[in-house]
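Trainee: Make a model of this:
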Amino acid sequence: MEGLKQWALHITEAYGLSGLFGIAFLESSVFPVPPDVLLVALLLSPSAPSPWLVAAVCTAGSVLGAGLGWVLGTVGGYPLLHRLFKEEKIQAIERMYQRYGMYAILIAAFTPLPYKIFTIASGVFRYNVWSMMLASVVGRGARFFAVVYLVNRFGSSILSEIDRALLAGTVVTVLATVAYFYWRARRQRSRQLQPTAICAELAND
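Mentor: Residues are numbered from 1 along each chain as shown. I've put the predicted structure just below:
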């Protein structure tokens, strides 16, 4: 991993935005090193381009790479998943898809977890590719623009805190998602009970 990280840093330093785009593209489908470190390294370089352009390029590469992950999943199917990940992890991801759908992808796109697990799984489970791409745009964009904001605000000192900040944001996102589903379930149950109550009242009359 350390060797791959140094190689990715070299690519980014040598090719700038193009290198960052390439690494972000590969990370969403096959590459294990997250692009955040490379994004920060590019932001802190003496000849750094516009921070928001850096975030946009990183997001674009990651989203297009998610599309490649989806294609790999549709072609490779379950055998590819079993070759890359443990069975319990596959089952956990499948349960998340069945219960939360697009929200599972959205949360995964923002977390420090390897996103390629979800992009490949999306293809294996035949999840709608456009919904996955939309979730990738929102989740990956929120993540990388948040990193750019933190670096602009706190400089290199934020490097050791980025994962904690993303984790905190993930916790808030998960809690908000759970609260939404709880509220929606109660609302649907209330709608179902109302006709029953009316029918019972009419029967009593």
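Trainee: CA atoms for contacts and neighbours, from now on please.
Mentor: Noted.
Trainee: which parts of stretch 129-137 are buried?
Mentor: Neighbour-count burial for stretch 129-137 flags 129, 131, 132, 133, 135, 136, 137 (criterion: 16 or more other Cα atoms under 10 Å).
Trainee: which residues are in contact with it?
Mentor: Identification of contacts with stretch 129-137 by Cα atoms under 8 Å, 6 or more residues apart in numbering yields 59-60, 62-63, 66-67, 70, 102-103, 105-106, 109, 119, 122-123.
Trainee: Out of the buried residues of stretch 129-137, which comes closest to residue 50?
Mentor: residue 137 (19.7 Å; Cα to Cα).
Trainee: and whatever helix or strand residue 74 lives in, what does it pack onto?
Mentor: With elements taken from DSSP states H and E, the one containing residue 74 is helix 51-84. For helix 51-84, the elements it packs on are helix 17-27, helix 36-43, helix 116-124, helix 129-154, judged by 3 or more Cα pairs under 8 Å, 6 or more residues apart in numbering; DSSP states H and E.
Trainee: Tell me how many other residues surround residue 84.
Mentor: A total of 13 residues lie near residue 84 under the criterion other Cα atoms under 10 Å.
Trainee: who's in contact with residue 13?
Mentor: By Cα under 8 Å, 6+ apart, the residues touching residue 13 are 19, 42.
Trainee: Could you measure from it over to residue 44?
Mentor: When Cα to Cα, to the nearest Å is applied, the distance between residue 13 and residue 44 equals 11 Å.
Trainee: Likewise for residue 99?
Mentor: According to Cα to Cα, residue 99 and residue 44 sit 41 Å apart.
Trainee: neighbour count winner among the two?
Mentor: residue 44 (16 against 12).
Trainee: State the distance from the more buried one to residue 108.
Mentor: Where residue 108 is concerned, residue 44 sits at a distance of 27 Å (Cα to Cα).
Trainee: Wait, residue 81 touches residue 90, no?
Mentor: Yes: under the contact definition of Cα atoms under 8 Å, residue 81 touches residue 90, with a separation of 7.2 Å.
Trainee: What average pLDDT does stretch 53-63 get?
Mentor: Averaged across stretch 53-63, pLDDT comes to 91.
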